[in-house]
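okay, sequence plus prediction incoming.
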Amino acid sequence: MSALFIAGAGTEIGKTYVTAALARAVRAAGRPVVALKPVASGVPPLTDPDFRTSDTAVLLAAQGLAVTPETVAACTPWRFAAPLSPDLAAAREGRRLALPDLVAWCEGAVAAAPAGAAVLVEGVGGVMSPITPDATGLAWLKALRLPALLVSGSYLGAISHALTAVETLRAHAVTLRAVVVSETPNAPTPPETVAEAVARHAGVRVVCLGRGAAFPAGALDLVVA
Ligand SMILES: Nc1ncnc2c1ncn2[C@@H]1O[C@H](COP(=O)(O)OP(=O)(O)OP(=O)(O)O)[C@@H](O)[C@H]1O
Ligand SMILES: C[C@H](N)[C@H](N)CCCCCC(=O)O
Ligand SMILES: [Mg+2]
């Protein structure tokens, strides 16, 4: 079993898209996969038709799993309605998420994964987005001691956002397996241009996913030990 944390250079940048594409590629390679989105905000009720576009639903579909209360709870135990950082979204509901509880749940889920499985854990927002009132996604990632895959977009400004996130991860001794540039619509340059710049400045392997692209099978060994 190997586990990988999918972090973002920002929110709505392609983390779920990349995690789902990676999950499909792992399954296509004949390996079991578990894709988790432990904390999600902006989540409609399970009975709402819009739930089918939620991160949880997208990740369940990528695993070939139906959306049921049980599969949803096993993928995303902390779901909040407000499309805000989880600490704020939780407070809107009179709830409070504690980092130790989140870390313990993730460790349990990773340990319970089938033998030989690739476990993919999608974060929330960007690397430094608040998760609890006193912890960011970086603290969560460091507590899990997992390697990271960083997802970037290809919009104007994406290079700086990606390099800033890379520097932050490196400053905190987080193992960065690769950066994945997931194409942003209407970007001024092709995603390959952003990928080449990030690779050159950061000295890191970069994988490119065009719009609607599958995760390249040739890059699988890079991101899932
Ligand atoms: N390479 C791509 N091809 C097609 N659609 C994409 C691609 N990358 C991202 N998208 C789409 O862009 C939107 C935002 O992507 P996604 O939901 O993966 O972002 P995210 O980083 O997971 O967001 P959040 O921070 O809310 O979890 C989604 O509709 C997603 O399907
Ligand atoms: C609603 C959004 N899609 C995400 N689920 C939450 C993003 C929180 C970002 C917080 C921040 O870094 O400003
Ligand atoms: Mg997502």
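Looks like it arrived, so ask away. Ligands and ions are numbered 1, 2, ... in the order given.

drop to CA atoms for contacts and neighbour counts, all remaining ones
Noted.

enumerate the residues of this protein near ligand 2.
11-12, 40-42, 83-85, 124-126, 129 (C-alpha under 6 Å from any ligand atom).

please identify the helix or strand for residue 179.
strand 176-182 (DSSP states H and E).

helices and strands around the following helix or strand past that strand, which ones?
Next helix or strand after strand 176-182 toward the C-terminus (DSSP H and E): helix 191-202. Packed against helix 191-202, as judged by 3 or more C-alpha pairs under 8 Å, 6 or more residues apart in numbering; DSSP states H and E, are the following elements: helix 158-171, strand 176-182, strand 206-209.

same question for helix 191-202, mean pLDDT?
On average, the pLDDT along helix 191-202 is 98.

also stretch 146-161?
98.

quick check: buried residues in it?
146-155, 158-159, 161 (16 or more other C-alpha atoms under 10 Å).

what's the answer for stretch 204-212, then?
Buried residues in stretch 204-212 (16+ other C-alpha under 10 Å): 204-210.

what about it and ligand 1, any contact?
Yes: on the criterion C-alpha under 6 Å from any ligand atom, stretch 204-212 is in touch with ligand 1 at 209-212.

about what we covered before: and the strand holding residue 179, which strands flank it?
strand 148-152 (parallel), strand 206-209 (parallel) (DSSP bridges).

now do that strand against helix 158-171, angle only.
160 degrees (axes from the mean of the first three to the mean of the last three C-alpha atoms, to 10 degrees).

how distant is strand 176-182 from the center of its chain?
When C-alpha coordinates are averaged (C-alpha atoms, centre = their mean, to the nearest Å), strand 176-182 and its chain have centres 11 Å apart.

what's the angle from that strand to helix 191-202?
150 degrees.

ok, back up a step: out of the residues of the chain next to ligand 2, who's near ligand 1?
Near ligand 1, by the rule C-alpha under 6 Å from any ligand atom, you find 11-12, 124-125 out of the residues of the chain next to ligand 2.
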